[in-house]
Structure formats: structure tokens, C-alpha cells
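> sequence first, then the predicted structure, then my questions.
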Amino acid sequence: MESYRVYYDSVNVRMNTYLVTAINLSNYAIGESDKVLVMFSKELGLVKAVAKGARSTKAKMAGKSEALCVNKLLINKGKSLDTISQAESIDTYPKLRTDLKRLTTGFYLAELTQAFAEGLEAECQEYFNFLTKALKMLEDKDTDPTLLRLQFEMCLLSMLGLKPELTVCVNCRKLITEYSIEAFLSQLGGVGCKSCMQSAASLPQIREAEGIENIAQMKRVYLSPMVWKTLVMALSQSDTLNLGPDPRMSLSDAQQKALAFACKISKRYLEDRASKTFKTLSLLDSIT
């Protein structure tokens, strides 16, 4: 515990300083011994600040500057970069750091947060609480990290207003059932039915304006009913930011295979929306 005591009752305490509670998403080196921390804060959303001496193992900020550490921070405003002047550790999620798959999943949630942070600023407190809750659940050895990952992705998409359409065909708008489900069309943001996929029916004019003349041109991933149901279930409570169904539930081998495939679809959809690939997923896939 630090020898000083800092009160965190408001964001702006002095003219040139501000107070935040934030989780470290990533960092990069600057100068001879410093780091720039990229953080998501409860009060302001995405924040960047220099942690002086953090690359020295003996520095007070060394441990507090690692990814997925939650700190209360007093930050001085700067002309180009702000600087952390005081820090108090809140949580480090130590149980994650003993399990490579869980830790990498945590890093992936942080990478997702950083990629979409701009769209989360208006609801930064709600999202901060959701992210830290997810990481705490991920520490539980009974939590399935892959199931929690998919549920987290769907909640994030819901908060961003980018939920995929899973209940009706994105082309004909007919209700989807396990008998009519055919494919996921990432470009159109949802699922297509057998009838539209097989007939290559013309898309609405708005899609033609984007240079897509018909369904046959669309990149598609074919879905089994079980994979579709896995996606629907993960999306079912996303509006309330609940990670449900319980990510600690036991899955059969068939359900695990469906979950893995559903994650591939979600990955592609998120990467299309972010216009980037997520580096931590390559490591996570190699572990899985």
C-alpha cells in the first residue's frame, strides 16, 4: 500500500490533474525507462499516460503498469502526453496469470476494448464494470473461457449497436429456424436462409449501390443448426450485459465443437467491423 492517501471522489480535482480508476489494456516503451499506458477508465473511457520508470523492475510503477491491472490514478496533464503521478493498485487478477489460456483470453478482451474504445466512451462506467466483472469470472476455474469469450463479444457488439442479425434472414427478412438456417454473411451483418442462398436472389438496391449485385457474390460461412443456436444463446442476454447462460456450464463434445466454430464466425464479424485483425487470437487459437 502506498504511504500517501489520495481521494478519488471526482475526476477533476485540480486544474492540471485528474483522477481515474482504470484498467491497463496495453503499453509501449518510451524514453530510456518509461512506458506509455493505454487504459480504459471508468470516468473517461480511453486514456493514455506515461508511467515514469515503469520499465525498471525496482520501480513502484513496474507491477502496476502490466496489462490487466486495475489502478486508481492521479494523472498530471501534459502538452503531448499526460503523466501518472500517483497510483494505487486495486486488482491484478492473479489467478489469470497462472493459466495461459485464461490470461490470453483476458488479453484478447483488452485488445477488443482498445479497438472499439471510441464507441464506448458514452457508457464508459457501465462498460468498465462489465469488463472487470468478466475478468473476475474468467479467474474462476469452472468458467469455460471460450464460452465467456463469445458471450463477451456479443455483449460488446450490443453496446456498440452492431449486434448481428440472427433471428431473420438479412435478405428476405423471413424468420430463421433450425430448418431454414443456411449461412452467416458477415458483410450483411447476419444470417441467410436456405431459399435465398440457393436461389441467389437479388439483394436490395442499397446493397447494389455497394457493388454487391446478388447473394452469390457474398462471402459466406455455412452454419449448422447447433452453431446457429450457440450464437443465438450467446446473444440472448447481451442487451442487459449479462454473461449468460452461465459460462460455468458443462458442455458436451458436440457443444464444444459448435462453440469453437461460433467463435470463428464472431471473430470474422468483429474483425470486419474493426477493420483489423486481433493479434491475441492467433496465440489463443494455438493454445486452443
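Ah, there it is. Numbers count the residues shown, from 1 in each chain.

> when you work out contacts or count neighbours from here on, use the C-alpha atoms and nothing else.
Fine.

> all strands for the stretch 151-288 of the chain, in order.
181-185, 190-193, 221-222 (DSSP state E, counting those that start in this stretch).

> would you mind giving the ones you listed as TSV with mean neighbour count and mean pLDDT added?
Shown next, in TSV, are the strands of the stretch 151-288 of the chain (neighbours: other CA atoms under 10 Å; pLDDT from 0 to 100):
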stretch	mean neighbour count	mean pLDDT
strand 181-185	24	92
strand 190-193	25	92
strand 221-222	16	88
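
> wait, which of those strands is closest to residue 229?
strand 181-185 (10.1 Å; CA to CA).

> for that closest one, the distance to its chain's centre please.
24 Å (CA atoms, centre = their mean, to the nearest Å).

> what's the answer for stretch 161-172, then?
Worked out by CA atoms, centre = their mean, stretch 161-172 lies 20 Å from the chain centre.

> what's in contact with it?
154, 157, 174-177, 188-193, 196, 203-204, 228, 231-232 (CA atoms under 8 Å, 6 or more residues apart in numbering).

> which stretches of the stretch 51-200 of the chain have low pLDDT?
Low-confidence segments of the stretch 51-200 of the chain (pLDDT under 70): 199-200.

> tell me the domain ranges of the chain?
17-91, 94-288 (automatic domain parsing).

> turn the strands of the stretch 151-288 of the chain into a markdown table, columns for distance to residue 63.
Formatted as a markdown table, these follow (distance: least, CA to CA, whole Å):
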| stretch | distance to residue 63 |
| --- | --- |
| strand 181-185 | 43 |
| strand 190-193 | 42 |
| strand 221-222 | 43 |
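
> just the buried residues of the contacts of stretch 161-172.
Neighbour-count burial (16 or more other CA atoms under 10 Å) applied to these gives 154, 157, 176-177, 188-193, 196, 203, 228, 231-232.

> and residue 146, helix, strand or coil?
helix (DSSP: H, G, I helix; E, B strand; the rest coil).

> can you tell me how far it is from residue 234?
Per CA to CA, to the nearest Å, residue 146 is found 11 Å from residue 234.

> more neighbours: these two, which one.
residue 234 (25 against 20; other CA atoms under 10 Å).

> for the more buried one, give me the pLDDT.
On the pLDDT scale, residue 234 is placed at 93.

> now do the contacts for residue 35.
Counting by CA under 8 Å, 6+ apart, residue 35 has contacts 27-29, 50-55, 65.

> list of residues touching the longest helix seen in the chain?
Secondary structure of the chain read by DSSP state H shows that its longest helix is helix 253-274. When contacts are defined by CA under 8 Å, 6+ apart, helix 253-274 is touched by residues 115-116, 146-147, 150, 153, 184, 186-187, 189, 221, 226-228, 230-231, 277-278.

> quick revisit: deepest of the domains of the chain, which one?
Greatest average neighbour count among the domains of the chain goes to domain 17-91 (a mean of 19), per mean count of other CA atoms under 10 Å.

> return the distance of that one from the chain's centre.
Relative to its chain's centre, domain 17-91 lies at 21 Å (CA atoms, centre = their mean).

> one more: stretch 179-197?
On the basis of CA atoms, centre = their mean, stretch 179-197 sits 25 Å off its chain's mean C-alpha point.
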